[in-house]
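**Student:** Fold the following for me, if possible:
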Amino acid sequence: GSEFSFMVQFKTVIDPQIPEEKSIIAIQDLTGIKILVVEDNELNRLLISSLLKKEQIDFEIAENGFEAIQLLGKESFDLILMDIQMPIMDGISATREIRSKLNLSTPIIALSANATIEDTKKYLESGMNDHISKPFKKEELLTKMKISLRWNDREVKSSLEIQIKDSIPLYSLMELENISGGDELFIQSIIQTFLESVPIQIDKINSAIMIADYQSIRNVAHQMKPSIDLFHIESAKWLIRNIEKEAEETFPDILRIEKAFEDIKITLELVVNQMSLH
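**Tutor:** Next up is the predicted model:
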């Protein structure tokens, strides 16, 4: 079949007409969660600390990526706010370590003054889930935190299946629309191909995991990347790459593959449900 490998960055759009109480980001408050703030600038640490304290959010601070890695090896966090430019270990390097070596799926939001498309692409490709430009507004940060946190909450993930019509899209058709010039028949044919291929590919990986067939796992993961990139399914991008990378190791860790596979299966099932309504 055809493979697409285009990479265009789009911002998440929240429909203002959707009442917040029906939205998947409708977390009434953020109390009870624990956040790791990774920031080397003292003033920025004070500003973020003040904001989190006012919201009664528990948090800890690391002054660089290396400190963050050390803390994450000892404690669990629900969300990470990650500065980009830091001494000793920068945010992108730290994120890659968190994803590949610690194998953590904890949502990571990049904090940076650089907000170009190329910069944001680097953040997402490293394994980050979202980006916010400094200086940021309180409500903007809290909203992005709520959106990112939904991926670490199994109950919220389950409720997504019920609230699918009210949820924020987990994919984007903008790139496909640009490629097709707005040809609706072409767009529908690509969507239909994706909808038909996802269950088959999921079954293939599942079967390969059961018999530890790492070559097949790697091959199928490699085949899935272009369509995940085309539809801009950000929450699945680093997961599918982690599966492929782990399967290529001399001694692959099957537990890491299984965990990443479970997360990507949930994500793609939700995307398929949403696309079916298109």
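**Student:** Can you list the strands that the host helix or strand of residue 132 pairs with?
**Tutor:** Assigned by DSSP states H and E, residue 132 belongs to strand 130-133. If you go by DSSP bridges, strand 130-133 pairs up with strand 108-112 (parallel).
**Student:** and residue 204, what are its phi and psi?
**Tutor:** In terms of degrees, to the nearest 10, the main-chain angles of residue 204 are phi -60, psi -40.
**Student:** Next, find the distance separating it from residue 38.
**Tutor:** From residue 204 across to residue 38, the span is 37 Å (Cβ to Cβ, to the nearest Å). C-beta here means a position set from N, CA and C on the backbone, and glycine is covered the same way.
**Student:** Who has more neighbours out of the two?
**Tutor:** Legend: neighbour count by other Cβ atoms under 10 Å for residue 204 and residue 38, higher for residue 38 (30 against 18).
**Student:** what pLDDT does the residue lying closest to residue 216 once chain neighbours are set aside get?
**Tutor:** Among residues not flanking residue 216 along the chain, residue 208 sits closest, at 3.9 Å (Cβ to Cβ, 6 or more residues apart in numbering). On pLDDT, residue 208 comes in at 92.
**Student:** Repeat that for residue 16.
**Tutor:** Value for residue 16, per-residue pLDDT: 36.
**Student:** what do you get for residue 23?
**Tutor:** 36.
**Student:** Same check on the one 3 residues further on?
**Tutor:** pLDDT, the model's per-residue confidence, is 39 for residue 26.
**Student:** just to revisit the earlier point, the residue nearest to residue 216 and residue 202 touch, don't they?
**Tutor:** No. The pair residue 208 / residue 202 is not scored as a contact, 10.9 Å apart, by Cβ atoms under 8 Å.
**Student:** So for these two, which residue has more residues nearby?
**Tutor:** When residue 208 and residue 202 are compared for neighbours, residue 208 comes out ahead with 21 against 18, by other Cβ under 10 Å.
**Student:** which residues does that one contact?
**Tutor:** Shown in contact with residue 208 (Cβ atoms under 8 Å, 6 or more residues apart in numbering): 214, 216-217, 220.
**Student:** Now do the strands for this structure: every range, in order, please.
**Tutor:** Counting by DSSP state E, the chain has strands at residues 34-38, 58-62, 79-83, 108-112, 130-133.
**Student:** just to revisit the earlier point, as JSON lines, the contacts of residue 208 with neighbour count and distance to residue 104 would be great.
**Tutor:** Shown next, in JSON lines, are these (neighbours: other Cβ atoms under 10 Å; distance: Cβ to Cβ, whole Å):
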{"residue": "214", "neighbour count": "18", "distance to residue 104": "22"}
{"residue": "216", "neighbour count": "16", "distance to residue 104": "26"}
{"residue": "217", "neighbour count": "25", "distance to residue 104": "20"}
{"residue": "220", "neighbour count": "23", "distance to residue 104": "24"}
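**Student:** Out of those residues, which is nearest to residue 260?
**Tutor:** residue 217 (10.4 Å; Cβ to Cβ).
**Student:** Quick check: the closest one vs residue 231, distance?
**Tutor:** 22 Å.
**Student:** low-confidence ranges in the stretch 1-150 of the chain?
**Tutor:** Counting by pLDDT under 70, the stretch 1-150 of the chain shows low-confidence ranges at 1-29, 114-115, 117, 150.
**Student:** which residues of it fall in helices?
**Tutor:** For the stretch 1-150 of the chain, the helices defined by DSSP state H, counting those that start in this stretch occupy 42-54, 65-72, 91-100, 117-126, 138-149.
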